[in-house]
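S.K.: Sequence first, then the predicted structure, then my questions.
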Amino acid sequence: MSGYLFLAILGLSLIAFYVGRSTANGFVAAGGAQIHSRPIYHGAFAAVWVGIPALILVLLWLLFQDPVIDRLMLSSLPSSLTEGASASRMSLYLSEIRNVASGRIFGEPSPEILAAAERLQAWQAIAQWTMVVVVLALMVLALYIARSRMAPAFRARQNFERALDLLMIFSAVVAVLVTLGIIVSLTFEASRFFRLVPPQEFFFGLNWEPQIAIREDQVAGTGAFGAVPVFTGTLLIAAIALIVAIPVGLFSAIYLVEFANARVRGIVKPILEILAGVPTVVYGFFAVLTVAPAIRQAGSLMGIAISPNSALAAGGVMGIMIIPFISSLSDDALRAVPQSMRDGSLAMGATRSETITRVLLPAALPGIVGGILLAASRAIGETMIVVMAAGLTATLTANPLDGVTTVTVQIVTLLIGDTAFDNPKTLSAFALGLVLFVVTLCLNVAALRIVRRYREKYE
């Protein structure tokens, strides 16, 4: 239903565009009047007035529809189910009701759940049709208002540009609010985790075995939440990836800018950038089926024991994946260096290699550092390659031939399935995410200071 509604919004916006443009053309044809703005701006003004409010209304409706229905659903359940039930139990009720309503029935649901599922289907249908009627009525009203405002002296271009300004401000506010929401949610859930697990154990503990007791008499069910092995595994794999990607990406950018002719550049650069479009699961299969066996075979020939899931395999393949980030941005930064700086260096008697190392690279350092930072962030946040090639076991080691895990892999592992955020095991994922966010932010701030220092020196 929502997809058809978006198509309807697009179609009515196009109709509004043609109505607005035809109205402006009619002013000219009627008496040869001079209109303030071109007809295309009248059409754009009508399309914006019709499309943007309807789109915002649909997005807000979809955002709040499910929480409102969930609250109504819980309040409609009989007291025999809700009396004394915990938040996790209520969440399980909602999940079961939604599964039954969508046809995913496992076992024999109770009569109360069946009745609630029927109510849910009815309420969802009412909400969907109400949304359609309200949005269509809003669009017709907006088209009428926009059409009534048009006149030969109407400043359609200024009003259209003002609407675009408001749209951009709204988009910026949404982006800021989403970022703040992520930070607040991470901080809140992480604070709940640290109330259950001491921070010193999390930051300095050397054993990572997140688990919870299923039975009261279960032995060793309290879990261990020392995250040092997870952090070291993340840094180890990211370091291996950068060791592979930085030289290859930087040297390829230097070759394409300074040595390759136009024909070679037209072939090599697109091939390098294709690597950025390959799905990460393909890299994961490549690491598992090709790179990891090759590394194990090479190690056995030299008498070195190598883990089936090694950090070297995951980091090496990840380094191949992030080469385009470094190569493309370094290429752009090197090409942005003025030709006069090259000519001046060569005129002073410097060789071509000296010009590259002492003039071009320092002048292009901000762009190069930006590419390396982007690649590092991509490597730290990668999940699929590490899941498939490195493993899930948190091992405290600096040996790239051993199997390690990363922060992102543990977050995915901890949040798989129907989980309730009321125990240290699931809440530890938010603590890991908060630490990863803070570390990435600190690295970016430090890098910006370095970039600013060199920019002041070479500009």
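M.R.: The structure has been received and is ready for your questions.
S.K.: Quick check: next helix or strand after the longest helix anywhere in the chain?
M.R.: Ordering each helix of the chain by length in residues (DSSP state H) puts helix 156-196 first. As assigned by DSSP states H and E, the chain's next helix or strand after helix 156-196 is helix 199-204.
S.K.: strands paired with the next helix or strand after that next one, and their directions?
M.R.: Later in the chain than helix 199-204, the nearest helix or strand by DSSP H and E is strand 208-209. With DSSP bridges as the test, strand 208-209 is paired with strand 224-225 (antiparallel).
S.K.: continuing past the strand it pairs with, what's the next helix or strand?
M.R.: helix 228-254.
S.K.: Who are the packing partners of that following helix?
M.R.: Applying 3 or more Cβ pairs under 8 Å, 6 or more residues apart in numbering; DSSP states H and E, one finds that helix 228-254 contacts strand 208-209, helix 311-335, helix 365-381, helix 407-414, helix 424-458. All C-beta atoms are positioned from the backbone trio N, CA, C, and that covers glycine.
S.K.: For the ones you listed, state which one has the densest average packing.
M.R.: helix 311-335 (a mean of 25; mean count of other Cβ atoms under 10 Å).
S.K.: Domain boundaries for the chain, per the record?
M.R.: Following automatic domain parsing, the chain resolves into domains at 2-193, 224-458.
S.K.: How far away from the center of its chain is the last one?
M.R.: Here the centre of mass of C-alpha atoms in domain 224-458, compared against the chain's by Cα atoms, centre = their mean, to the nearest Å, lies 17 Å away.
S.K.: Check the shortest one too.
M.R.: With Cα atoms, centre = their mean as the basis, domain 2-193 stands 22 Å off its chain's centre.
S.K.: avg pLDDT for that domain?
M.R.: In this model, domain 2-193 has a mean pLDDT of 82.
S.K.: what's the span of that domain, first residue to last?
M.R.: End-to-end distance of domain 2-193 (Cα to Cα, to the nearest Å): 38 Å.
S.K.: follow-up on the earlier one: between the helices and strands packed on helix 228-254, which one is nearest to Phe202?
M.R.: helix 424-458 (6.2 Å; Cβ to Cβ).
S.K.: Run through the neighbouring helices and strands of that closest one.
M.R.: helix 156-196, helix 228-254, helix 361-363, helix 365-381, helix 407-414.
S.K.: repeat that with 6 Å
M.R.: helix 156-196, helix 365-381, helix 407-414 (3 or more Cβ pairs under 6 Å, 6 or more residues apart in numbering; DSSP states H and E).
S.K.: The longest helix of the chain versus helix 424-458: what angle between them?
M.R.: Per axes from the mean of the first three to the mean of the last three Cα atoms, to 10 degrees, the angle that helix 156-196 makes with helix 424-458 is 130 degrees.
S.K.: quick one, what contacts the residue most central in space within the chain?
M.R.: Per Cα atoms, centre = their mean, the C-alpha nearest to the average position across the chain is that of Gly381, at 9.8 Å. For Gly381, the contact set (Cβ atoms under 6 Å, 6 or more residues apart in numbering) comprises Thr408.
S.K.: So it versus Phe437, what's the distance?
M.R.: For Gly381, the distance to Phe437 equals 10 Å [Cβ to Cβ, to the nearest Å].
S.K.: Report pLDDT for Gly319.
M.R.: pLDDT, read off for Gly319, is 91.
S.K.: make that Gln211, sorry
M.R.: The model's pLDDT for Gln211 equals 69.
S.K.: cool, Val404 as well?
M.R.: Predicted confidence (pLDDT) for Val404: 86.
S.K.: residues near the closest residue to it other than its chain neighbours, how many?
M.R.: Of all residues not flanking Val404 in the chain, Gly233 sits nearest, at 3.3 Å (Cβ to Cβ, 6 or more residues apart in numbering). If you count neighbours by other Cβ atoms under 10 Å, Gly233 ends up with 30.
S.K.: nearest spatial neighbour of Ser76, skipping sequence neighbours?
M.R.: Closest to Ser76 by Cβ to Cβ, 6+ apart is Arg119, at 6.3 Å.
S.K.: Check the gap between the one you found and Trp61 for me.
M.R.: 20 Å.
S.K.: Distance to Leu177 for the helices and strands packed on helix 228-254 - can I get that in a markdown table?
M.R.: Listed next are these as a markdown table, based on distance: least, Cβ to Cβ, whole Å:
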| stretch | distance to Leu177 |
| --- | --- |
| strand 208-209 | 34 |
| helix 311-335 | 28 |
| helix 365-381 | 22 |
| helix 407-414 | 23 |
| helix 424-458 | 17 |
